[in-house]
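K.L.:
When you get a sec, could you give me coordinates for this:
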Amino acid sequence: MISAAVIFFLRVIDMSIDTMRMLFVIRGKRIIVWILGASQSTVFFLAVSQALRGEANILTTLGYAFGFATGNVIGMMIEERLAIGFQRVTITIPHDDGKMADALRKAGYGVTEVKAYGRDGEVTMLHVNCKRKQVDDVESIVFSNDKKAFLTIDDFFPVRQTGFWRK
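P.N.:
All right, here's what the predicted structure looks like:
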């Protein structure tokens with residue numbers, strides 16, 4: 001029973017680190033990836049060693065499997081809290097009196113306005129590039145100005161962080 005619990009917790013740690021490592025790989029953070037990779041492989045080795053040390057039974061198998069699954073979810077939760085990276089919020093509004101863009105600019109965000117045509121005619125698309133931690137603030141500004149605004153959010157990777165950054 002204790003062995004299964006140890007395996008479970010080692011796998012939770014292992015997979016939480018692994019999930020974070022993969023998310024940093026996508027963002028190109030080499031040094032962080034190296035540190036996380038070394039840590040993850042050490043914990044993985046300890047988990048596998050513990051699992052292979054005794055006889056395989058249902059508890060050690062479940063500890064290994066559930067630790068793996070739980071570690072993935074916890075890794076995602078950690079990454080969401082860290083909110084590392086940048087996102088582009090695209091706001092589509094059918095009517096444009098300029099208030100939405102002004103409110104976003106007053107809050108310190110850079111806004112690019114684009115006139116476009118949708119199913120029902122002309123629309124305005126506003127593009128706001130911001131840090132992931134700022135997306136909730138952008139959303140609250142948008143929906144306080146227009147509850148029917150349509151938003152899409154995309155991850156992106158800036159080539160340079162100069163010129164257009166406001167906040």
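
K.L.:
do you know how far V135 is from P94?
P.N.:
22 Å (CB to CB, to the nearest Å). Every C-beta, even on glycine, is put in place using the N, C-alpha and C of the backbone.

K.L.:
And these two? Which one has more around it.
P.N.:
With neighbours defined as other CB atoms under 10 Å, V135 and P94 compare such that V135 has more, 18 against 15.

K.L.:
That one and M76: what is the separation?
P.N.:
For V135 relative to M76 (CB to CB), the value is 17 Å.

K.L.:
helix, strand or coil for the residue lying farthest from the centre of the chain?
P.N.:
Residue farthest from the centre of the chain, counting by CA atoms, centre = their mean, is E55 at 39.2 Å. Classification of E55 using DSSP: H, G, I helix; E, B strand; the rest coil returns coil.

K.L.:
What score does it have for pLDDT?
P.N.:
Looking at E55, its pLDDT reads 74.

K.L.:
Give me the spatial nearest neighbour of R53, chain neighbours excluded.
P.N.:
S3 (7.4 Å; CB to CB, 6 or more residues apart in numbering).

K.L.:
show me the contacts for that neighbour.
P.N.:
Listed by CB atoms under 8 Å, 6 or more residues apart in numbering, the contact set of S3 reads Q50, R53, G54, L59, T60, G63.

K.L.:
Quickly list the domain ranges of the chain.
P.N.:
Following automatic domain parsing, the chain resolves into domains at 2-82, 86-156.

K.L.:
right, so those domains: which one is the most enclosed?
P.N.:
Most buried of these by mean neighbour count (mean count of other CB atoms under 10 Å) is domain 2-82; its value is a mean of 17.

K.L.:
Packing partners of the strand ranked longest in the chain?
P.N.:
In the chain, taking DSSP state E as the definition, the longest strand is strand 121-131. Contact here means 3 or more CB pairs under 8 Å, 6 or more residues apart in numbering; DSSP states H and E; on that basis strand 121-131 packs against strand 86-93, helix 99-106, strand 112-118.
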